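**Student:** Any chance you can model this:
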Amino acid sequence: MRAFLRLEHLFRRFEHQIAQCDESKSDDVWFSRIGVESIIDILTILGRMDIRSELAKELERQTATFEILLTILMWIQTCLPRSLPCSGIP
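**Tutor:** Residues are numbered from 1 along each chain as shown. You can find the predicted model right below:
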């Protein structure tokens, strides 16, 4: 989980540097340096095997949760039309 938070921070930092560079319309070396440093940090984290397996596990968990929610939604859609006529709601 910490790795995902770190990646989120790095992506936001990179986006911020790009925005700063666009706003200032200058070729400031510091904006470029921090942007490149962020990309290198992101690639370093993504290159680790443990982050890949952690990401795969998280995707599987999210997929299972989505499938459960989809099943519940389909059940609600099936049951709702049956219950409306009984309740007197047209």
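**Student:** switch to C-alpha atoms for all contacts and neighbour counts from now on
**Tutor:** Fine.
**Student:** What strand or helix carries R52?
**Tutor:** R52 belongs to helix 49-87 when assigned by DSSP states H and E.
**Student:** State the mean pLDDT of that helix.
**Tutor:** The average pLDDT within helix 49-87 is 87.
**Student:** before we move on, what about stretch 6-18?
**Tutor:** For stretch 6-18, the mean pLDDT works out to 90.
**Student:** which residues touch it?
**Tutor:** Applying Cα atoms under 8 Å, 6 or more residues apart in numbering, the contact partners of stretch 6-18 are 31-32, 34-35, 38-39, 41-42, 45.
**Student:** Show me just the buried residues among these.
**Tutor:** With burial judged by 16 or more other Cα atoms under 10 Å, the buried subset of the contacts of stretch 6-18 is 31, 35, 38-39, 41-42, 45.
**Student:** what comes up buried for the helix or strand containing E15?
**Tutor:** Following DSSP H and E, one finds E15 within helix 2-24. With burial defined by 16+ other Cα under 10 Å, the residues of helix 2-24 counted as buried are 7, 10-11, 13-14, 17, 21.
**Student:** Could you check the angle it makes with helix 49-87?
**Tutor:** 90 degrees (axes from the mean of the first three to the mean of the last three Cα atoms, to 10 degrees).
**Student:** Specify the angle between the following helix or strand past helix 2-24 and helix 49-87 in degrees.
**Tutor:** For helix 2-24, the following helix or strand on the C-terminal side (DSSP H and E) is helix 29-47. If you take the same axes, to 10 degrees, helix 29-47 sits at 80 degrees to helix 49-87.
**Student:** elements contacting helix 29-47?
**Tutor:** Contacts defined by 3 or more Cα pairs under 8 Å, 6 or more residues apart in numbering; DSSP states H and E place helix 29-47 against helix 2-24.
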